[in-house]
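>>> How does the following fold in three dimensions:
(6 chains)
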Number of protein chains: 6
Amino acid sequence: MKIPYLQKANAAFLDRHVTRASDLIQEWGGESFSGVGIIGAPLSKSSISHSGACFAPGTIRKAFSAFSTYSIEENIDLASCMIRDLGDIAMHVTDVLQSQNRVYETIFRVFEENPLWLPIVLGGDNSITYPSVKGFSKAKGKVGVIQFDAHHDVRNFQDGGPTNGTPFRSLIETGTISGNHLIQIGIRDFSNSKPYFDYVNNKGVTVYTMKDVRQKKMVDIMRKSLDKLKDEVDSIYVSVDMDVVDQSQAPGCPAIGPGGMDTQDLFEAVSYLGEQSIVEGLEIVEVDPTVDFRDMTSRVAAHVILHFLKGKRKSVEI
Amino acid sequence: MKIPYLQKANAAFLDRHVTRASDLIQEWGGESFSGVGIIGAPLSKSSISHSGACFAPGTIRKAFSAFSTYSIEENIDLASCMIRDLGDIAMHVTDVLQSQNRVYETIFRVFEENPLWLPIVLGGDNSITYPSVKGFSKAKGKVGVIQFDAHHDVRNFQDGGPTNGTPFRSLIETGTISGNHLIQIGIRDFSNSKPYFDYVNNKGVTVYTMKDVRQKKMVDIMRKSLDKLKDEVDSIYVSVDMDVVDQSQAPGCPAIGPGGMDTQDLFEAVSYLGEQSIVEGLEIVEVDPTVDFRDMTSRVAAHVILHFLKGKRKSVEI
Amino acid sequence: MKIPYLQKANAAFLDRHVTRASDLIQEWGGESFSGVGIIGAPLSKSSISHSGACFAPGTIRKAFSAFSTYSIEENIDLASCMIRDLGDIAMHVTDVLQSQNRVYETIFRVFEENPLWLPIVLGGDNSITYPSVKGFSKAKGKVGVIQFDAHHDVRNFQDGGPTNGTPFRSLIETGTISGNHLIQIGIRDFSNSKPYFDYVNNKGVTVYTMKDVRQKKMVDIMRKSLDKLKDEVDSIYVSVDMDVVDQSQAPGCPAIGPGGMDTQDLFEAVSYLGEQSIVEGLEIVEVDPTVDFRDMTSRVAAHVILHFLKGKRKSVEI
Amino acid sequence: MKIPYLQKANAAFLDRHVTRASDLIQEWGGESFSGVGIIGAPLSKSSISHSGACFAPGTIRKAFSAFSTYSIEENIDLASCMIRDLGDIAMHVTDVLQSQNRVYETIFRVFEENPLWLPIVLGGDNSITYPSVKGFSKAKGKVGVIQFDAHHDVRNFQDGGPTNGTPFRSLIETGTISGNHLIQIGIRDFSNSKPYFDYVNNKGVTVYTMKDVRQKKMVDIMRKSLDKLKDEVDSIYVSVDMDVVDQSQAPGCPAIGPGGMDTQDLFEAVSYLGEQSIVEGLEIVEVDPTVDFRDMTSRVAAHVILHFLKGKRKSVEI
Amino acid sequence: MKIPYLQKANAAFLDRHVTRASDLIQEWGGESFSGVGIIGAPLSKSSISHSGACFAPGTIRKAFSAFSTYSIEENIDLASCMIRDLGDIAMHVTDVLQSQNRVYETIFRVFEENPLWLPIVLGGDNSITYPSVKGFSKAKGKVGVIQFDAHHDVRNFQDGGPTNGTPFRSLIETGTISGNHLIQIGIRDFSNSKPYFDYVNNKGVTVYTMKDVRQKKMVDIMRKSLDKLKDEVDSIYVSVDMDVVDQSQAPGCPAIGPGGMDTQDLFEAVSYLGEQSIVEGLEIVEVDPTVDFRDMTSRVAAHVILHFLKGKRKSVEI
Amino acid sequence: MKIPYLQKANAAFLDRHVTRASDLIQEWGGESFSGVGIIGAPLSKSSISHSGACFAPGTIRKAFSAFSTYSIEENIDLASCMIRDLGDIAMHVTDVLQSQNRVYETIFRVFEENPLWLPIVLGGDNSITYPSVKGFSKAKGKVGVIQFDAHHDVRNFQDGGPTNGTPFRSLIETGTISGNHLIQIGIRDFSNSKPYFDYVNNKGVTVYTMKDVRQKKMVDIMRKSLDKLKDEVDSIYVSVDMDVVDQSQAPGCPAIGPGGMDTQDLFEAVSYLGEQSIVEGLEIVEVDPTVDFRDMTSRVAAHVILHFLKGKRKSVEI
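Model prediction:
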């Protein structure tokens, strides 16, 4: 029997005329599907510095409930879309490499069953990028990566193994992607080293520093990046390390600093990328809710995803 | 198809040999039941001072997942029990009195369908005590209340209406309970006024101050309280205003101060009360998670409930 | 007898050559007056989400003591002005609608006695806008409202009554103002719903989204807004919901998010509006000091008022 | 004209049947008076470690508004008392010694005009004890000091001058008090040095360590202390360095640590001392609100004063 | 050339008559030594829940500078002792098992070179106990362990490998110690499971619950524990999981809760143990400074070590 | 003997291909040197408001370890430079004026021994500017100062003596510098007073308000400033009061507010100044780490220094 006023614990206020972004998300039951599906990779024991990025899948999902589906600027409403939430990849408590491998295996296995999946991967730290792209590329073929990041993230492996500082070196060294198919945007002063800049240069990686971002229009950088990749790769994966954003706007990343990107530039970039059919994957990494202020950085992450979804809405409409 | 390693989002670590207290709790489906059932009353707009006690039902539930079912001190394991979670009572955004009335109506309606329900009410502020006991007594008959509180909570109604400072005056003035059937334990120095002490005295309320608590053994206070009530009432309801505890041990209450009760005394008291069959209801109020440190006060609340459940386990075993 | 060095408790450091903004403010004694008068409306129990906006009148007043009266950019010194502080409107503890009505009655009563009052209303949450403008318009005649806000705030009333999400619907539906006389500036992506955008559109409301703010010059938006309203209304009331500002610059609002306005744009807007004689009222709402960082958001509020006062200084010079 | 509902800014909730402790306190107008008078000594630039104890006079005063005048344990109501607030002693920004001297001069000057003043001095750091007792003893004659403190506070002067670590050495070396008339209670392990213990021993100081406090009854320590002093001195001054309390109960002192006193013991001590007519002064020092949690330590300070006032109430009844 | 006033960066205030506990500690140069030596094991990636216990070696060392060497209660001054700081064991970024093995190897290697080393191991999480005791016992022979802990920490290995929940199972299963030689003190209600209590029971482990601690005198528990072990083992290692202490006194442990031990009991226990020559090792684990309040829990840790050192001072006097 | 894995306590992660900014810094041994040398002036007892700026030398030094030596934007690597760390100037605990004098004496004495020293002074509050520039000018001759600041800092001395509000008045009144040789950039609305603006005007000081900064290009302001000074002075000293930056980007200054400078503008300015050989000194003041968020403001300070060093790298290459 239904008791009046009794409702599920912790229920939020509902306005009958508002669709919250969180309303789009439905727990995946295991059925075949195509289109956008969110998956959590709550791994941060691979981080060089102490990191609670393992909590970001939870806080980013929660941030969706603070926002609606309607872009008034573009008059686009995502209310008729449906996003599957595949859940989180279970991490091993003490075996970091197995955890990373589980990311790869899980990503690939979902693709195997659902080749038209468009993954939005919620890290976790940046170390998940390697297994995630490895799974992605096994499903998609030749992959290009557009990386928003303050750092090259091509550290050597001797000093600590496959950490959150090494994913792009892993991708290149294993041949998962070609250096020519990697575009790094937002690389920042005093956050990288010359030897690693030389490394990416030698590998043919395209690098846009923050100076480039300040001096060029973001939409032009996007256009040039797409032009470079679109005829050479089968699919493009977008990697957003949230520390690409200035510390004043994304205070909840492990490696914060000044001199970073404005959120508006990042939103414009992912809006543009979302509209490109060749862009078929997105990840957000390095959000650490344990050092954030009022989940600000998770809120930025939710906006990144929503801006990306504007372009992908066709694929997820019910 | 099941994908290896993929699990529900935000899943906690599981140890196959540990039953968490949260594992006992199952969402109620509306079926007839008897025994312990948790219900949230997330109301704190009725508070005199700014209060986020509306969030306590959520944090106390969450605190259960930090503790197990096993009392090693008593060698009692609650693992075979089952606690229903009835959910929360939906509160009105702008009509506080209606919200209070919903508490009454909901408590009573659940009893109407399930007369053998043993409610554990999670406030919310102390204003919910009046509607909660009103619903409880409508179902149970003559009710005695054992109240753990730093304050009498019998303020006048002219100065703000039915607030978190008035519930016991409401109960007495409306005849819901008799003053003789109210026992207040933990009443504290410099936290009350003489006129209100005179009021409860005149109404026949039994008062144990903190001095009494320090000088007598808690189990003796409990025994005397039971002796006083057991032949005069049909049922006893236990009200725990968490601010009865010293500020150093329950820092997350709106009205904190020094000179309060030790948690150990409170645990002994509710352990004793849980064992009495005439005790058929428990509430915890005035936990404000927004000003707490690491949910300490919600953790104390979870322990209060677990100690209470030791005595009630027979009624909730599967 | 005067004891050397003994001064009022909590006195601040004084520099004989500095006039603090707080020095302009004098407690109103009830005498007839004209010109700027600050009034607090410390109501936030009407908020959909938990809000401590009731504390903002206190923190904004306190923020004035951190700033001086001198605009070096414009070489305008407010030092010779005098601002009356009318105090706060006493709120009812448990009757939210009565609290809102008290705002209306008080605003109107002050105007009745002092028709040339120029009110600066310190919320509280946005729900006070309806009673405040109602009192204002009863005194002033046909009123236009220029609203800085991330949200339309025209929610339906069934879902919670007159909350901080409904004030502009209340104003329009009651005919207090015409939709044609409402201008909304800073409306943000993923913070509103299509049905409510349709609603304001149908009512003739003028909407400037954040995209408009980014692409147009603020002074042009102001000019167009004034042009639209000045011949149609008797008086203009400016409503600043502080959440119009980006979360990185106004972190202490209940509904924070990225993609918002820069404080500099807001300062330019209110500077312009302060210079217009038809602008005769200002309110600041939705500052919640309990979740702010170092009262940053109250500091922004103080600057908003000071920039507004530059234009109003003639009316308040001694 | 009086406008309904309009009240002084930041007014607190009032219950007509409750007298708040803060209601007892009235700003002193300079008239002659006798009895209890509070005075703030907001100096902490004299501290060895960074200290915000200068803010404690403000937070302790504010804490009074969180408590009432009624001791239910003793059935003593202070409601008919009146406490004067003399305000704060103005401190020099850059001349610490002058600030200390101002404490001396002000204390003495107030006594000169009002010989029957019973001062309650709100520090500030412990450095104010020397000038305060100097002023007190100039007015009172031979003075004994009962000091609650984790530390001897008899450091040498070469290493930094007259700091918060030296006041009792100053008192003894200047002959302001005799070492025989100083009783130190609560001296703690690993918080002092052997040379300074030898120093106080040589000077005839009576020392009760925390071990003594744990093993003896506080009331016995008090009785013995009074017995020792009462025939030898003209007046007794009580100095409470709040760090005498365990860090878990007084977390807002600069020099916190475990192994300290329970607040209940401190309350019993000052209750006893308040009842002695020879005890004519009280100070509370070393509360630093900037590192406290929810003003807990200021709340303990307010309780210390209230317990002290129980015995002094005759002298301050209206 | 020496410039007046110029000193090492971040130098602390020095009082020539105070020996700080930190003054005892000298960086080890690799020379042969005997007696107390501190070693850090900054590992917390092995923790089941997110833990910053890796930072505790740093904060505990720093806490030493807040305390002196003098126990006034016992009139024991450690000022003439010298404690070597061996530094930290370097942890691998991504290979948790290798990190644990490094603890074992390093502990053993130091013993190999310095058989009379008396190690004080600063964790890190509780997982370090297994490799630490393994190294210790390889050097010492048959080892008994006295464990202060809220938890048995004998979880199964399938659910996550060798975590901070498994160390005592590892010790028993590998035969490193016998269950008969393990004494667990402070085991707490609702923090353990029946199967694991059965496990330790079956293995002959001695268990003192918190009820035992409350009802018996700690010194008696210590005496009985020593009596049980002293003839059966060659050496005793003391393991302090700081979460044995009540959450109000040790708020900075990952697994906090009410119902725990008083610090005073813990100090008495380690004081007693320090005096026993058969006790030749001490570790402190599960202090997480990232969730602590003002390093309170690290301060408790420093006191634990200082109380232990009172008895060991002979071995470390210069 | 070297034990494998044993390393210095609190050692940071090392990547063999990364030079951290902190790696450049070497403790000065007292030998003669030329080029850049960092010196701390940890004084903030001279501040008008409570300030923990005395901790900034420590946090800024620590922030260097979070950044690398490589400016990718300019392809400049500072890895081959060497910066001396001269340590901190020891401050007196209770004698503020002596502390200020020690700054002067120490700066001058270092210059006396090392005339080619290029000081980077880490405050401390702004009061150190006067003694620092006094020492600098005694060594260098006629000095010009380029000051980045929200405030003129030319307060009168009667109200508190030589505080953090008076340094530039001290410099001018003592003739240490001429008003014509002072350029103030970033002076902000409502943060200054007309009398002090008149003062600097009369003294010939050049003032760029924030309006100027917003409307002109920073590089043009720099060029004009250099043009004005270069032929008139022997050397230029750059003073950065971090509160010149907007509160959202430098939240850890005592006197925060909106309307401030963007960090990017500040970085461009100091980059330009670092390239000028006549610029021979830099100071950063008014960073208070005790009120900062995640040392953000110290991170900005570290970037300011690194940008400055790009131009100075020739002088410090090994």
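>>> how far away is A:Val279 from chain C?
20 Å (Cβ to the nearest Cβ, to the nearest Å). (C-beta placed from N, C-alpha, C; glycine too.)
>>> wait, doesn't that residue sit right on A:Ile236?
Yes - if you go by Cβ atoms under 8 Å, A:Val279 and A:Ile236 touch, sitting 4.6 Å apart.
>>> list the residues that contact both of the two?
Common neighbours of A:Val279 and A:Ile236 (criterion: Cβ atoms under 8 Å, 6 or more residues apart in numbering or on different chains): A:Ile146, A:Leu273.
>>> how about the spatially closest residue to A:Leu116 that is not a sequence neighbour, phi and psi?
Once flanking residues are discounted, A:Leu116 sits nearest to A:Ser34: 3.3 Å by Cβ to Cβ, 6 or more residues apart in numbering or on different chains. Backbone torsions for A:Ser34, taken as degrees, to the nearest 10, come to phi -130, psi 160.
>>> and A:Ser34, how far is that from D:Val205?
Using Cβ to Cβ, to the nearest Å, A:Ser34 is found at 83 Å from D:Val205.
>>> isn't A:Lys211 right up against F:Gln264?
No - A:Lys211 is not in contact with F:Gln264 according to Cβ under 8 Å; the separation is 10.3 Å.
>>> Identify the residues contacting A:Ser127.
Counting by Cβ under 8 Å, 6+ apart, the residues that A:Ser127 touches are A:Leu43, A:Ser46, A:Ser47, A:Gln100, A:Pro162, A:Thr163, A:Asn164, A:Thr166, A:Pro167, E:Thr94.
>>> In helices, which of the residues you listed appear?
Of the positions in the contacts of A:Ser127, A:Gln100, A:Pro167 sit in helices, assigned by DSSP state H.
>>> what's the farthest-apart pair in the contacts of A:Ser127?
Pairwise distances across the contacts of A:Ser127 (Cβ to Cβ) peak at 13.8 Å, for the pair A:Leu43 and A:Thr166.
>>> coming back round to it: out of A:Ser34 and D:Val205, which sits in the busier spot?
Shown here are A:Ser34 and D:Val205; by other Cβ atoms under 10 Å in any protein chain shown, D:Val205 has more neighbours (24 against 13).
>>> if we can go back for a sec, Throw the contacts of A:Ser127 into CSV and include pLDDT, thanks.
Formatted as CSV, the contacts of A:Ser127 follow (pLDDT from 0 to 100):
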residue, pLDDT
A:Leu43, 98
A:Ser46, 98
A:Ser47, 98
A:Gln100, 98
A:Pro162, 98
A:Thr163, 98
A:Asn164, 98
A:Thr166, 98
A:Pro167, 98
E:Thr94, 98
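>>> center of chain A, which residue is that?
A:Glu283 (1.8 Å; Cα atoms, centre = their mean).
>>> Using the three-state scheme, assign the closest residue to it other than its chain neighbours.
Closest residue in space to A:Glu283, ignoring its immediate chain neighbours: A:Val121 at 3.9 Å, by Cβ to Cβ, 6+ apart. Secondary structure for A:Val121, judged by DSSP: H, G, I helix; E, B strand; the rest coil, is strand.
>>> How many residues are close by A:Val121?
The local packing of A:Val121 (other Cβ under 10 Å) involves 29 other residues.
>>> Tell me the spacing between it and E:Gln147.
Using Cβ to Cβ, A:Val121 is found at 42 Å from E:Gln147.
>>> how many other residues sit next to A:Asp265?
20.
>>> Now it: closest residue in space, sequence neighbours ignored.
Leaving aside its sequence neighbours, A:Asp265 sits nearest to A:Met218 (Cβ to Cβ, 6+ apart; 4.6 Å).
>>> Let me see the contact set for the one you found.
Residues counted as contacts of A:Met218 (Cβ under 8 Å, 6+ apart) are A:Asp265, A:Glu268, A:Ala269, A:Tyr272.
>>> Out of those residues, which is nearest to chain E?
Of all the contacts of A:Met218, chain E sits closest to A:Ala269, with 30.8 Å by Cβ to the nearest Cβ.
>>> now the closest one: how far from A:Ile177?
Applying Cβ to Cβ to A:Ala269 and A:Ile177 gives a distance of 19 Å.
>>> where do the helices sit along the stretch 1-150 of chain A?
Assigned by DSSP state H, counting those that start in this stretch, the helices in the stretch 1-150 of chain A fall at A:56-64, A:96-113, A:129-140.
>>> As JSON lines, these with mean neighbour count would be great.
JSON lines is the format used below for the helices of the stretch 1-150 of chain A (neighbours: other Cβ atoms under 10 Å in any protein chain shown):
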{"stretch": "helix A:56-64", "mean neighbour count": "24"}
{"stretch": "helix A:96-113", "mean neighbour count": "20"}
{"stretch": "helix A:129-140", "mean neighbour count": "25"}
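>>> Contact residues of the stretch 151-300 of chain A facing chain C?
For the stretch 151-300 of chain A, the residues in contact with chain C (Cβ under 8 Å from any Cβ of the partner chain) are A:Ser248, A:Gln249, A:Thr263, A:Gln264, A:Phe267, A:Phe293, A:Arg294, A:Met296, A:Arg299, A:Val300.
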